[in-house]
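Novice: Just to be clear, the model below is a prediction. Sequence and coordinates:
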Amino acid sequence: MSLGGTASYRDPARRGDLPDLVSSAVAAAEAVGFEFCVRPEIGRLLAALAGGVPPGGSIGETGTGTGAGVAWMQSAAHPETRIVSYELDEQRAAAAQRLFEDHHNIEIVCADASELFGRGPFDLLVHDGGPGSGKHPSDELVDPATVLTPGGTMTLDDVTPAVTWPPTFRGEPDEGRLRWLTHPQLCTTEIRVAADLAVLVARYLPSG
């Protein structure tokens, strides 16, 4: 979920051509007053990554919202790629369930996002900053060996673009980001998708 994400779709210069399901997910967000849809810049990155998941592979997402992220991924994923997304809010989950009710490969679950991890491992995990994301110093990182297939990819979105090393947040070293960037089992990089927005993309490379 992105701060001001829903509003960003009102700017024709930023939204460009949208897949129909993305437009429907954003409309559903506006209908329920949800302002944190994934921004188009991140959505296009998710679509590109989803398009690389092999037929029969699996994608997991924490924080469905009304389904904009899933819609972006569905637009590029193979029809036999399984997509499962967890959303804690009942109203938002119901809106997303209605949106994807005719898509046999998509499952929207109304439950705490931490329950998603037991459904892995995934070829692609879109981690929206909840439990296991390490965005808070006391938060344990989710175990890549549990949630990712060998060579699988995970994203952590909505980070402030780094301009120094080590990266900082509000003037202090960003310990959560550093834990992902230096994780011994991950090859992680930061991709800037807008002047004010970046995404961590990590590939699981198990040793041995």
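Specialist: Done, it's in.
Novice: contacts and neighbour counts: CA atoms only from here.
Specialist: Fine.
Novice: what's near enough to touch Ala48?
Specialist: 73, 76 (Cα atoms under 8 Å, 6 or more residues apart in numbering).
Novice: Also the one 3 residues further on?
Specialist: Taking Cα under 8 Å, 6+ apart as the contact definition, Gly51 lies against 73, 76-78.
Novice: For Thr81, see how far away it is.
Specialist: Gly51 is 9 Å from Thr81, where distance means Cα to Cα, to the nearest Å.
Novice: cool, Pro206 as well?
Specialist: 23 Å.
Novice: Over to Arg192?
Specialist: 27 Å.
Novice: picking up where we left off before, can you select the buried ones among the contacts of Gly51 for me in PyMOL?
Specialist: Those of the contacts of Gly51 that count as buried under 16 or more other Cα atoms under 10 Å are selected in PyMOL with:
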select buried, resi 73+76+77+78
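Novice: Please identify which of the contacts of Gly51 is nearest to Leu200.
Specialist: Met73 (17.0 Å; Cα to Cα).
Novice: Now that closest one: which helix or strand?
Specialist: Met73 is part of helix 68-74 when elements are defined by DSSP states H and E.
Novice: Would you agree Asp158 is in contact with Asp196?
Specialist: No: look at Asp158 against Asp196 with Cα atoms under 8 Å: they stay out of range, at 9.1 Å.
Novice: More neighbours: which of these two?
Specialist: When Asp158 and Asp196 are compared on other Cα atoms under 10 Å, the one with more neighbours turns out to be Asp158, at 21 against 11.
Novice: Please, where are all the helices along the chain?
Specialist: 5-8, 12-15, 20-32, 40-50, 68-74, 90-99, 144-147, 175-181 (DSSP state H).
Novice: for those helices, which one sits closest to Leu125?
Specialist: Among the helices of the chain, helix 144-147 sits nearest to Leu125 (Cα to Cα), with 7.5 Å.
Novice: That closest one packs against which elements?
Specialist: The contact analysis (3 or more Cα pairs under 8 Å, 6 or more residues apart in numbering; DSSP states H and E) places helix 144-147 against no helix or strand.
Novice: 10 Å - rerun?
Specialist: Contacts defined by 3 or more Cα pairs under 10 Å, 6 or more residues apart in numbering; DSSP states H and E place helix 144-147 against strand 122-127, strand 148-159, strand 197-204.
Novice: tally of neighbours for the spatially closest residue to Leu116 that is not a sequence neighbour?
Specialist: Among residues not flanking Leu116 along the chain, Tyr86 sits closest, at 6.5 Å (Cα to Cα, 6 or more residues apart in numbering). The burial count assigned to Tyr86 is 22, neighbours taken as other Cα under 10 Å.
Novice: distance of Tyr86 from Asp174?
Specialist: Distance check for Tyr86 against Asp174: by Cα to Cα, it reads 27 Å.
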